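*Asks:* sharing a model that was predicted from the sequence below.
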Amino acid sequence: MNWTLALPELVLALSGLAILVAGVLPRRDMTFPCTMMVLGAFLLSGAFVLTQPDGMGFGGQYISDAFARFMKVLVLAGAALALLLALDWNRAEGLSRFEYPVLVLFATLGMMVMISANDLMSLYLGLELLSLPLYVMAAFHRDNARSSEAGLKYFVLGALSSGLMLYGMSLVYGFAGTTNFAQLAQVLGGTAPISAGVVVGIVFIITGLCFKVAAVPFHMWTPDVYEGAPTSVVAYFATATKVGAIAAIVRVLAGPFGGAVDQWQQVIVLASIASMILGAFAAIGQTNIKRLMAYSWISHTGFVLMGLAVGTEAGLRGVLIYTPIYLMMSLGAFSVLVAMRRNGHAVENIQDLAGLGRTDPAMALGMAIFMFAMAGIPPLSGFFAKLYVLLPAVEAGFWLMAVVAVLSSVVSAYYYLRVVKVMYFDASTGALDARPSGVSFVLAGTGLFTMFFFLMPAPLLAAARQAVAALIG
Amino acid sequence: MIAGLAFYFFAFILIAAAVMVVTARNPVHSVIWLIAAFFNAAALFLIAGAEFLAMILVIVYVGAVAVLFLFVVMMLDVDFAQLREGVQRYAPIGAVVGGILFLELLLVLSVWRFAPDAAALRMAPMPEGVTNTEAIGRILYTDHIYLFQISGLILLVAMIGAIVLTLRDRPGTKRQDVGAQIARSSAVAMARPELGEGIRREDILRPLPPPAKEAPKPVTHEGGHH
């Protein structure tokens, strides 16, 4: 048994337990020290991830490869930055409790388990370790009815999707007699025809994963949860957890079910097209910027699934390039959302940004960069993200998907540009409060990445290529 | 033969008890039917040769979980009749959806095949020469230690979540403060009252209650326009 392979997870889990004790024992408020300790644990775990060798541990339940390392670094970075954003927001809203960073830590650990899963059982347990803290965090503002509603809604739907996924796993296990990914790939990739029961099982597993990435038609929870949950929590939902969910669906579909690509390809194509169309049109009428970001994510999901549906090496590479670029854009946009606060009260309507171009030019410039990037306007990073999933789709002959992608991109540009227009051309309704330093840090970092990605794309492209090579084998 | 009969006997009672759990009007009766269901399920495990699971089911589910359920049912003032209000209305739709799913399941099962190498890939073949308690222990704490530990973390998170969402520091809560107790020296003194006289207020050296505030002015009801 090669347990030292899982050192990043072990370190994170043990430091989580230690931080929990450090938060409970003292009589005073330990939120700030605990947050700093969690950030330290993320850094330490990230260092172990970077030095992790390839291999399998725990009897094939755990795998470490270039793909896992790539995704884990993204998840850890996203979680750390989102936690930084949450620190000031939670304090201002009176939510400052030391359990918050601990829950973020365990959710991140769940994602790492999920990313490194090489077995349906570890995939499921990682998913649950991710989901359970998320339900609690959505309801973290427990005196707020909308936050509680968001938590409950997320919990009920999440439990249902977990149930469906488990049912699908049991069908697959019943067919193959194993839950190990390598053995499943061997069984499903053989020449023997695949029975209908397995197809049902695979579709159910895809359903559960699509719920997590919020692809249409399993997206209904997203706008409500985004709107109801505290903004600091949504900043985590919309960034790190999305990376984890994408990693899980890519790992499962390209790994064990890679041999049965004909069976699931239409499902993903359909989910991709539906997500892009719904994300583009449903966001037009939104006035709440958190709901707008929810629909924006649904449309981005469509693009990610497009790369996955193509199924070729180029398509998967597109997915892996899309993910970090989206992570940075989304973190940047949410750093602005977290800073939206007037006279000490959080505001979340698009109209509240009016006149930001004059009252806070730096933040308005950052937001404009993220909006232009999300709309896919060159030379910002978002353009390359879309390019790298569109090209493989065109090359592989998925014309319908590619045309829908371009058209929905045009439609979604409308609502992204509306935010820019409100910021620069509408009359101000009063300046926002001064932004905290954590927000400025995240804003500057992600803004620079998004703006100047085109100057040095090579390291990211190389890392993505390596990760895909490890995935396809 | 006898084992077969026993299986159908316990299985029948199990299903009947499960139906009673859902349909009983009184929630306390529901919990007691649930305990009956647990016992019968344990008997089924015994027939299948899984003594360990049978005992765990009785000890954990009957001994702990069902008792907790009883506590919760008795302490919370939940109007279960109101919770069930929608059942009549939604039951037909639920039955139709369930029926469709069941039919689809039958369709799937009718063409079910096992993968040719499924038998070779079986994860945990029955070990020879050990009791099933030992077999479970071996698998759980060696092969599946990773999953076992993650399950433990999931339970920990559930605990944190329950505390985060429900524990409240009320302002009036009285907590023991050991430091203050030790530091207190002369606030209270001992006195020896005469027999039959009892203790008077002056015998206990403690601060008198603050003088009562002035009585509020009596409200006059002359206008009579309430």
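*Replies:* Thanks, I have the structure now.
*Asks:* buried residues in the lengthiest helix in chain A, which are they?
*Replies:* In chain A, assigned by DSSP state H, the helix with the most residues is helix A:145-176. By 16 or more other CB atoms under 10 Å in any protein chain shown, the buried positions in helix A:145-176 come out as A:147-151, A:153-155, A:157-158, A:161-162, A:164-169, A:171-176. Every residue, glycine included, has its C-beta placed from N, CA and C.
*Asks:* and for stretch A:214-224?
*Replies:* Residues of stretch A:214-224 classed as buried by neighbour count (16+ other CB under 10 Å): A:Ala214, A:Ala215, A:Val216, A:Phe218, A:His219, A:Trp221, A:Thr222, A:Pro223, A:Asp224.
*Asks:* where do the helices sit along chain B?
*Replies:* B:2-23, B:27-47, B:51-56, B:67-75, B:80-83, B:87-110, B:118-121, B:132-138, B:145-166, B:178-183.
*Asks:* of those helices, which shows the lowest average pLDDT?
*Replies:* Mean pLDDT is lowest for helix B:80-83 out of the helices of chain B, coming in at a mean of 70.
*Asks:* the longest helix of chain A and chain B in contact?
*Replies:* Yes: judged by CB under 8 Å from any CB of the partner chain, helix A:145-176 comes into contact with chain B at A:Gly151, A:Leu171, A:Gly174, A:Phe175, A:Ala176.
*Asks:* for chain B, what lies in contact range of chain A?
*Replies:* Within chain B, the residues that sit near chain A (CB under 8 Å from any CB) are B:104, B:107-109, B:111-119, B:121-123, B:142-147, B:149-151, B:153-154, B:156-158, B:160-161, B:163-165.
*Asks:* filter those down to just the buried residues.
*Replies:* Using 16+ other CB under 10 Å, the buried ones in the residues of chain B next to chain A are B:108, B:115, B:117-118, B:121, B:123, B:143-147, B:149-151, B:153-154, B:156-157, B:160-161, B:164.
*Asks:* correct me if wrong: A:Pro256 contacts A:Thr179.
*Replies:* No: using CB atoms under 8 Å, A:Pro256 is not in contact with A:Thr179; the gap is 9.0 Å.
*Asks:* can you give me every residue that contacts A:Ala13?
*Replies:* A:Leu109, B:Gln149, B:Leu153 (CB atoms under 8 Å, 6 or more residues apart in numbering or on different chains).
*Asks:* quick check: of these, which lies closest to A:Phe425?
*Replies:* Looking at the contacts of A:Ala13 and their distance to A:Phe425, the nearest is A:Leu109, at 45.2 Å (CB to CB).
*Asks:* could you say what helices and strands the helix or strand containing the closest one packs with?
*Replies:* Per DSSP states H and E: A:Leu109 is located in helix A:99-115. Of the remaining helices and strands, those touching helix A:99-115 by 3 or more CB pairs under 8 Å, 6 or more residues apart in numbering or on different chains; DSSP states H and E are helix A:7-24, helix A:31-50, helix A:66-93, helix A:120-138, helix A:240-254, helix B:145-166.
*Asks:* roughly how far out does it sit from the chain middle?
*Replies:* The offset between the C-alpha centroid of helix A:99-115 and the centroid of the whole chain comes to 13 Å, using CA atoms, centre = their mean, to the nearest Å.
*Asks:* quick one, that helix and helix A:31-50 angle?
*Replies:* Between the direction of helix A:99-115 and that of helix A:31-50, the angle (axes from the mean of the first three to the mean of the last three CA atoms, to 10 degrees) works out to 20 degrees.
*Asks:* and the angle from helix A:99-115 to helix A:240-254?
*Replies:* Using the same axes, to 10 degrees: helix A:99-115 against helix A:240-254 is 10 degrees.
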